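Engineer: Take this sequence and fold it.
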Amino acid sequence: MKAEITNFNSSFFEYLCGFIWFNRYRLADLMKRYPIGVTEQGEPIFWHINSEHKITNGRILTMDSETGKVYDDSWYYQDKRPTCLFGDYLLDTFPTQTVALVTDEMTAAVMSCFPTPYVWLATGKEKATPTDLLPLVGKSVVVFPNKGEYSKWQETLQAVPNLQFYVSDVMEKAQGDCHTIAQMVLSQQPLRPTEAEAALMRMEEVNPNVALLVKALGLEVVGILPTSDISQDETPKTEPVSKEPKEDAVMQSILLAQEERWHGRNPECHKCKFSHEGINGTYCGKLHRYVEYGKGDCGVEADIPPALG
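Structural biologist: Model prediction:
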């Protein structure tokens, strides 16, 4: 099996990125505390590293990156190395700190990202043995059992000599479907808004009435056009309106006015190709004079359409 010792490109980190709390700095600190690897399929590997800072084994989780639900798990073992607690090497790094002990590695990793007075370790197995817990002898230990496992942990811990422990019943009292303390804490964390939700929030900041409108009409964001995708050069431009239609309309109105003006006076010269309309009426280009009130004797027969009826 090919695996990377540390890699953020796993379903575990993708799941954490769905919460506002887990910014890049907290995720980077998490990776420093617990090197978390990844398989070729994007499954996270929670490495168990002993006090000599050597990997003994690793737990591989098949999980949903959106809900955090774990569907299956398997193990990666280093030959001839005894297994250890998840986070075992942290006991020497924080020798006086109270240990918080949980069952699974993902719970320990998640809880370490929140401000608590503990260093978080996990057994990595449903039923820990007294031998598994020997590294904790002489330490102050607080155990956070999963829901329904309180009595089992009490029995196991009492078999370990010289161990100062306290078993929390917080999950026994917890309401809802949460099974681990990490699930309970994450259920109270705000989710990171989607791109559509973030766009709506920005609009509401600009105009609070948008929120009222959305609520009243049951509106939702169905699409977003990124502003970065539109350059200034791509801004839709209004096609220049041709001046010809406007000029033609003006000319037509002038011609109609002239028709009304000359109608009944000298229609023959008015229609002649040698005439034009001057300041004082129709001007004959052949006679070089105005012929406003009578046909000029220029020898040209104007093409006059026959009168109607």
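Engineer: what ranges do the helices span in the stretch 51-200 of the chain?
Structural biologist: Taking DSSP state H, counting those that start in this stretch, the helices of the stretch 51-200 of the chain run over residues 90-93, 105-111, 150-158, 170-173, 181-186, 195-206.
Engineer: how far off helix 195-206 does the very next helix or strand once past the longest one point, in degrees?
Structural biologist: Just to be clear, that refers to helix 195-206. Downstream of helix 195-206, the next assigned helix or strand under DSSP states H and E is helix 209-217. If you take axes from the mean of the first three to the mean of the last three C-alpha atoms, to 10 degrees, helix 209-217 sits at 120 degrees to helix 195-206.
Engineer: Now helix 209-217: buried residues?
Structural biologist: By neighbour count on 16 or more other C-beta atoms under 10 Å, the buried set for helix 209-217 is residue 210. All C-beta atoms are positioned from the backbone trio N, CA, C, and that covers glycine.
Engineer: That one - contacts with which helices or strands?
Structural biologist: Packing partners of helix 209-217 (3 or more C-beta pairs under 8 Å, 6 or more residues apart in numbering; DSSP states H and E): helix 195-206.
Engineer: Quick one: residues in contact with the helix it packs on.
Structural biologist: Helix 195-206 is contacted from outside by 193, 210-211, 214, 220-222, 224, using C-beta atoms under 8 Å, 6 or more residues apart in numbering.
Engineer: So which of those is the closest to residue 73?
Structural biologist: Using C-beta to C-beta, residue 193 comes nearest to residue 73 of the contacts of helix 195-206, at 31.3 Å.
Engineer: ok, and the closest non-adjacent residue to the closest one?
Structural biologist: residue 201 (6.4 Å; C-beta to C-beta, 6 or more residues apart in numbering).
Engineer: quick revisit: among the helices of the stretch 51-200 of the chain, show me which one is buried the most.
Structural biologist: Comparing those by mean neighbour count (mean count of other C-beta atoms under 10 Å), helix 105-111 comes out on top with a mean of 25.
Engineer: now it: mean pLDDT?
Structural biologist: The average pLDDT within helix 105-111 is 97.
Engineer: Could you do stretch 189-204 as well?
Structural biologist: Looking at stretch 189-204 alone, the average pLDDT works out to 81.
Engineer: Begin at 374 from now on, thanks
Structural biologist: With 374 as the first residue, the last one maps to stretch 562-577.
Engineer: circling back: can the contacts of helix 568-579 go into JSON lines with extra columns for distance to residue 472?
Structural biologist: Below are the contacts of helix 568-579 laid out as JSON lines (distance: C-beta to C-beta, whole Å):
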{"residue": "566", "distance to residue 472": "36"}
{"residue": "583", "distance to residue 472": "50"}
{"residue": "584", "distance to residue 472": "46"}
{"residue": "587", "distance to residue 472": "48"}
{"residue": "593", "distance to residue 472": "47"}
{"residue": "594", "distance to residue 472": "46"}
{"residue": "595", "distance to residue 472": "50"}
{"residue": "597", "distance to residue 472": "47"}
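Engineer: related to what we said a few turns ago, now distance to residue 395 too, for the helices of the stretch 424-573 of the chain, in CSV please.
Structural biologist: Below are these laid out as CSV (distance: least, C-beta to C-beta, whole Å):
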stretch, distance to residue 395
helix 463-466, 20
helix 478-484, 9
helix 523-531, 28
helix 543-546, 22
helix 554-559, 10
helix 568-579, 17
